[in-house]
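Asker: With the sequence up front, the predicted model follows.
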Amino acid sequence: MALVSPSRYCCCLCRSMMSLVGSLCKELAETVSSCRVLVVGAGGIGCELLKNLVLTGFSNIEVIDLDIIDVSNLNRQFLFQKKHVGKSKAQVAKESVLQFCPKANITAYHDSVMNPDYNVEFFRNFMLVMNALDNRAARNHVNRMCLAADIPLIESGTAGYLGQVAVIKKGVTECYECQPKPTQKTFPGCTIRNTPSEPIHCIVWAKYLYNQLFGEEDADQEVSPDTADPEAAWEPAETAARAGASNEDGDIKRVSTKTWAKSTGYDPVKLFNKLFNDDIKYLLTMDKLWKKRKAPVPLDWNEVQKLEESSDLQVESSTAGLKDQQVLDIKSCSQLFARSVETLRAQLCEKGDGAELVWDKDDPPAMDFVTSASNLRMHIFSMNMKSRFDVKSMAGNIIPAIATTNAVIAGLIVLEGLKILSGNIEQCKTIFLNKQPNPRKKLLVPCALDPPNANCYVCASRPEVTVKLNVHQTLVLSLQDKILKEKFGMVAPDVQIEDGKGTILISSEEGETQGNNSKCLSEFGIRHGSQLQADDFLQDYTLLVNVLHCEDLGKDVEFEVVGDTPDKPIEKTTEEPAKSITNGSDDGAQPSTSKAQDQDDVLIVDSDEEPSSSSTDVNMEGPNPKRKLEEGDESVPTKRMRTDPPAAQEEDDDIIALD
């Protein structure tokens, strides 16, 4: 079957879609042509979306993405080719689109959307913002920026064959954070391989590694750069030359991780030095990756063995005697890695030639391998290492990215955008793409948009939460990192105690309150019933935090958010002050002077379970079921609970990685 180049394919599409542009009313066509649109993300959905936008008549587009192109992207992100590996996704996407629509005015930013440069005033330049993101932190941030700027946002996401598109408008619809989300479970492949930023990325990488060495090989689960691949240049300048050589040479011999490991006899030391030294040095040559990230530090087996074992192991539980609760030091991890490799090698030999091992979290050698390998990688990328117990609780299964799903969702994004530009936002829907047809034989299921949640801690007129914690044990640093940043999605919070004095507890100015980090909250007079005002000036967001002191939290629980389900009213511990805090004011927030941590790495799935095709309820996100709209039903439906029994779920564990 003859293959058609992306540029020729899109030129054909451009001619065929002229009739679509011609079918728009004159006023809408002019609006489409003149309006400025921001596309956040140039990956799987983003490539399809950019193509759709220019072919529909949008000519003023700005696209932002921090990632660079990886070989694994080429099977579905059609704007990229082999010669583009190692280059900016946003920039190459722009150049590729201009080849078939040269009149389009496209601006590309190779940057994180969470950079303070992209403040509220920046977002106010656009009539529409379209998300094609792969992580929750960035989604939360863009949601808040659009609320503050009062700009419509079209959110989207895919998970294998499942997809979702939703319109968000301040004061009209639910925002992205109105309903609680399930724990993050999805991650992009390039993040796992090249730029992990959270422990879970390293755990997924270790599971990939297990399968590559001992289990069923999967090309999409490669864990390290292939040094025999001319596409993988050690210096960015060599990328084009090597890609050219690839085209000329034709057949390239590629050595898989398993083949290489077998050639060494599964030597633990050689494996260690390749995975944690040579491959890390290789990543360091991709200098563009580390301009805005902390660079990894390679480990050498001999140097690690010279280290003294820590006599003071970190313990994640008050019960120090539990082995699984201990966080091993780096030398102990290296030795555990070596022992597990030898054990798994012996198991593989017993099964005979061509045998494969299947990873099982209840298999001790398999868990030893994943625990040690993931912790070594965490150390390399400057993360806090995890106990075996934590690793076991986070490890799980992977689902692939599907190009067709991305294409369908990108088309739906543009259709919802046309409704908004027509002034018919009330006609917009939240649309779910299912894996199987529902009883009405529909794969696409529209649901009416829900109104804002009055108890939402982001878009309510006075955002407020109540947090239960032990003020004598909770550190200021934990309040900042685990509660405000991780739980409530702030980028650079400033916190003051509502004590009548305006005591500054946390400042986003670097070093200003660093001395407070190691102190407990009680040392600042914070007790049961205290209130804290947290401001993120970049997001133009203010949150009032009510503190409930509790000395009897659950095991390994540092804090709890009271009324975490927004449908429940938040408990009030003190009388509300008279002043009103309203997010998204028109006074124009100035960006914080501190640098926000780049978090363009974590992909989120908007669904924990596939919507059942036998049920009338479709909800990929959050606990509130939404009924399917009847044909022609434009009203906002009342919600009802699912009555059909849920479909039997596969015994998947915790982790999903996709586009």
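Answerer: Perfect, thanks for sending it.
Asker: In a strand, residue 157, correct?
Answerer: Yes. Assessed with DSSP: H, G, I helix; E, B strand; the rest coil, residue 157 lies in a strand.
Asker: Please report the distance of it from residue 261.
Answerer: If you measure residue 157 against residue 261 using Cβ to Cβ, to the nearest Å, the figure is 36 Å. The way it works is simple: take the backbone N, C-alpha and C, and place the C-beta from them, glycine included.
Asker: Looking at the two, which one has more neighbours?
Answerer: residue 157 (28 against 21; other Cβ atoms under 10 Å).
Asker: Identify the bridge partners of the more buried one.
Answerer: Note on residue 157: beta-bridge partners residue 164, judged by DSSP bridges.
Asker: Surely it is in contact with residue 138?
Answerer: No. At 11.9 Å, residue 157 does not count as touching residue 138 under the criterion of Cβ atoms under 8 Å.
Asker: where's residue 351 relative to residue 496, distance?
Answerer: Applying Cβ to Cβ to residue 351 and residue 496 gives a distance of 63 Å.
Asker: no no, residue 380
Answerer: When residue 380 is compared with residue 496 (using Cβ to Cβ), they lie 38 Å apart.
Asker: any idea which helix or strand carries residue 545?
Answerer: Following DSSP states H and E, one finds residue 545 within strand 541-549.
Asker: so what secondary structure elements neighbour that strand?
Answerer: Judged by 3 or more Cβ pairs under 8 Å, 6 or more residues apart in numbering; DSSP states H and E, the packing partners of strand 541-549 are strand 464-469, strand 531-536.
Asker: what angle sits between the last one and strand 541-549?
Answerer: Right, the one you point to is strand 531-536. Put simply, strand 531-536 runs at 150 degrees to strand 541-549, going by axes from the mean of the first three to the mean of the last three Cα atoms, to 10 degrees.
Asker: which residues are contacting strand 531-536?
Answerer: With contacts defined as Cβ atoms under 8 Å, 6 or more residues apart in numbering, strand 531-536 is touched by 144, 484, 488, 490-498, 505-506, 508, 526, 541-547, 574, 577, 581, 592.
Asker: Name the residues of that strand that are buried.
Answerer: Of the residues in strand 531-536, 531-536 count as buried by neighbour count, 16 or more other Cβ atoms under 10 Å.
Asker: Could you let me know which of the residues you listed ends up closest to residue 113?
Answerer: Nearest to residue 113 among those is residue 536, at 14.6 Å by Cβ to Cβ.
Asker: gap between that closest one and residue 181?
Answerer: As defined by Cβ to Cβ, residue 536 lies at a distance of 19 Å from residue 181.
Asker: outside of stretch 138-146, which residues touch it?
Answerer: Residues outside stretch 138-146 that contact it (Cβ under 8 Å, 6+ apart): 40, 112-114, 118-120, 123, 129, 131, 133, 152-153, 155, 168, 170, 175-177, 458, 489, 491, 536, 539-541, 583, 599-600, 604.
Asker: one step back: how about the helices and strands packed on strand 541-549 in a markdown table, adding distance to residue 95 and mean pLDDT?
Answerer: Listed next are these as a markdown table, based on distance: least, Cβ to Cβ, whole Å; pLDDT from 0 to 100:
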| stretch | distance to residue 95 | mean pLDDT |
| --- | --- | --- |
| strand 464-469 | 45 | 92 |
| strand 531-536 | 35 | 94 |
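Asker: Reformat these as JSON lines; add distance to residue 56.
Answerer: Formatted as JSON lines, the helices and strands packed on strand 541-549 follow (distance: least, Cβ to Cβ, whole Å):
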{"stretch": "strand 464-469", "distance to residue 56": "41"}
{"stretch": "strand 531-536", "distance to residue 56": "35"}
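Asker: need the strands for the stretch 251-400 of the chain, in chain order.
Answerer: Along the stretch 251-400 of the chain, counting by DSSP state E, counting those that start in this stretch, strands occupy 314-315, 326-327.
Asker: Considering the ones you listed, which stretch scores lowest in mean pLDDT?
Answerer: Lowest mean pLDDT of these: strand 314-315, a mean of 41.
Asker: Quick one: low-confidence residue ranges for this protein.
Answerer: Low-confidence segments of the chain (pLDDT under 70): 1-22, 183-188, 218-222, 224-255, 309-322, 396-400, 555-556, 564-659.
Asker: For residue 530, which non-adjacent residue is spatially closest?
Answerer: residue 547 (4.5 Å; Cβ to Cβ, 6 or more residues apart in numbering).
Asker: centroid residue for the protein?
Answerer: residue 135 (1.7 Å; Cα atoms, centre = their mean).
Asker: Could you tell me the end-to-end distance of stretch 430-447?
Answerer: Start to finish, the residues bounding stretch 430-447 are 5 Å apart (Cα to Cα, to the nearest Å).
Asker: buried stuff in that stretch?
Answerer: Neighbour-count burial for stretch 430-447 flags 430-434, 438, 445-447 (criterion: 16+ other Cβ under 10 Å).
Asker: Among the residues you listed, which pair sits farthest apart?
Answerer: Spatial extent of the buried residues of stretch 430-447 (Cβ to Cβ) is set by the pair 430 and 438 at 15.2 Å.
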